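> pasting the sequence and the predicted model now:
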Amino acid sequence: MSPQDLHDYGSAMLQEMRAYDLVRDDALLNDYINALGYRLVASSDHPDMSFTFFIVRDPQINAFAAPGGFVAANAGLITA
């Protein structure tokens, strides 16, 4: 898959999760997860890659990544 195909796939996944109201949209939490995420990106092998960080409405302590630079943290991970 091309980088654009990967991004399109991840973007479609995020859009579908939003349609099912699985994504937590909170300005303060979004600022927190983006600041944390980009601190990690700065230390990675690909600091110039674009990422999208978001929080999933799930009380479990977990996180996951999807193709195209889409990274989710479960709400349980944030509250823990």
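It's in.

> report pLDDT for D48.
We have a pLDDT of 89 for D48.

> what of the one 10 residues further on?
We have a pLDDT of 97 for D58.

> just checking, it touches I78?
No. The pair D58 and I78 fails to qualify as a contact (Cβ atoms under 8 Å) at a distance of 10.4 Å. For the C-beta atoms, the positions are set from N, CA and C on the backbone; glycine is no exception.

> which residues touch the spatially closest residue to Y32 that is not a sequence neighbour?
Residue nearest to Y32 in three dimensions, not counting chain neighbours: I78, with 7.5 Å by Cβ to Cβ, 6 or more residues apart in numbering. Under the criterion of Cβ atoms under 8 Å, 6 or more residues apart in numbering, the neighbours of I78 are 29, 32-33, 55.

> any idea how far the strand or helix carrying L77 is from the middle of the chain?
Per DSSP states H and E, L77 falls inside helix 75-79. What separates the centre of helix 75-79 from the centre of its chain is 13 Å, taken as Cα atoms, centre = their mean, to the nearest Å.
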